[in-house]
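Enquirer: Give me a 3D structure for the following:
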Amino acid sequence: MGKIIAIANQKGGVGKTTTSINLAASLGVLEQKVLLIDADPQANASSGLGIDVDNVEIGTYQILEHSNTPEEAIIKSSAPNVDVIPAHIDLVAIEIELVDKENREYMLKQALASVKDKYDYIIIDCAPSLGLLTLNALTSADSVVIPIQCEYFALEGLGKLLNTIKSVQKIHNPELDIEGLLLTMYDSRLRLSNQVVEEVQKHFNNMVFETIIQRNTKLSEAPSYGESIINYDATSKGAANYLSLAHEIIKKNAK
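Expert: Predicted structure coming up:
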């Protein structure tokens, strides 16, 4: 049975989409069958894996609306063993459209029931907000990865996100687990980066992944070519970091 992992943080620019794309691709290279769901109206996870988002006819919007099945939305990506349910800018309207619906927090969970067993991992790239889209992702997920940027405001808003996760556990999804906190955009030359790492490890201890994602130019370049870091430059630090993260997740879930 596939494990559903949401990549979530209401702060923008912390490396959510970079993590979604490259964790999915790394798991795929390690011969896991992966489905990446783009649940962000910006659709960067889709375009970052070579999908032309302007021509998406069936995607996350239709899945949440239950007007199409996940099977009808799935597209093969440029990464080995990775399928994608893409997003489109029309996803921006879904929060308003779902607001009056019964069981609105469970729309994604219900939709994914038919594909969950067909994949080893389902990765959901969440929007940078704690709205209905992210709530749907957390309600359908088995666990959540929280990327934290190694910068001054790193821990700002983290408490709010952890409270949201607690309330989702209490009301909608008691099985939801925190897969781990992932430190991203780390620069060993900066004292501040090292301070953030120490602070997060001190406060959250075993919840923090051993893998730290280092700041890497290749990671920023890869999406503009519609490729994961593994396809774009397998010898880069970014590729090594995300492969390490994938190994860590596989090992953790093999227990």
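Enquirer: And the residue nearest to residue 140 when sequence neighbours are not counted, how far from residue 176?
Expert: Among residues not flanking residue 140 along the chain, residue 109 sits closest, at 3.7 Å (CB to CB, 6 or more residues apart in numbering). (Each C-beta comes from the backbone N, C-alpha and C, glycine too.) Going from residue 109 to residue 176 by CB to CB, to the nearest Å gives 11 Å.
Enquirer: Repeat that for residue 14.
Expert: Where residue 176 is concerned, residue 14 sits at a distance of 20 Å (CB to CB).
Enquirer: between those two, which one's more packed in?
Expert: The neighbour count for residue 14 versus residue 176, taken as other CB atoms under 10 Å, is higher for residue 14 (24 against 21).
Enquirer: May I have the residues that are in contact with residue 25?
Expert: Applying CB atoms under 8 Å, 6 or more residues apart in numbering, we find residue 25 in contact with 49, 79-80, 82, 228-231, 242.
Enquirer: and the closest residue to residue 173 other than its chain neighbours, how many neighbours?
Expert: In this structure, residue 173 finds its nearest non-sequential neighbour in residue 139, 4.9 Å apart by CB to CB, 6+ apart. Residue 139: 21 surrounding residues under other CB under 10 Å.
Enquirer: what's the answer for residue 188, then?
Expert: Using other CB under 10 Å, residue 188 is surrounded by 11 other residues.
Enquirer: likewise the one 5 residues further on?
Expert: Number of residues near residue 193 (other CB under 10 Å) recorded here: 21.
Enquirer: Quick check: the nearest residue to it once chain neighbours are set aside vs residue 219, distance?
Expert: Ranked by CB to CB, 6+ apart and with sequence neighbours excluded, the top spatial neighbour of residue 193 is residue 150, at 4.2 Å. The gap separating residue 150 from residue 219 is 14 Å, by CB to CB.
Enquirer: Ok, residue 30 next?
Expert: Residue 30 is 19 Å from residue 219, where distance means CB to CB.
Enquirer: For the two, work out which one has more neighbours and name it.
Expert: The neighbour count for residue 30 versus residue 219, taken as other CB under 10 Å, is higher for residue 219 (27 against 15).
Enquirer: Please name the nearest non-neighbouring residue to that one.
Expert: In this structure, residue 219 finds its nearest non-sequential neighbour in residue 238, 3.8 Å apart by CB to CB, 6+ apart.
Enquirer: and the helix or strand hosting the one you found, what other elements does it pack with?
Expert: Secondary-structure element containing residue 238, defined by DSSP states H and E: helix 237-253. Secondary-structure packing of helix 237-253 (3 or more CB pairs under 8 Å, 6 or more residues apart in numbering; DSSP states H and E): helix 16-29, strand 177-186, strand 208-214, helix 217-221, helix 229-232.
Enquirer: what comes up buried for the third one?
Expert: When you say that, I think you mean strand 208-214. Under the neighbour-count criterion of 16 or more other CB atoms under 10 Å, strand 208-214 has 208-209, 211-214 buried.
Enquirer: before we move on, back to that, out of the contacts of residue 25, which is nearest to residue 188?
Expert: In terms of CB to CB, no member of the contacts of residue 25 lies closer to residue 188 than residue 242, at 17.6 Å.
Enquirer: wait, doesn't the closest one sit right on residue 213?
Expert: Yes. At 7.2 Å, residue 242 counts as touching residue 213 under the criterion of CB atoms under 8 Å.
Enquirer: Can you get me a residue count around the residue nearest to residue 219?
Expert: 25.
Enquirer: now the one 10 residues further on
Expert: For residue 248, the tally of surrounding residues (other CB under 10 Å) stands at 16.
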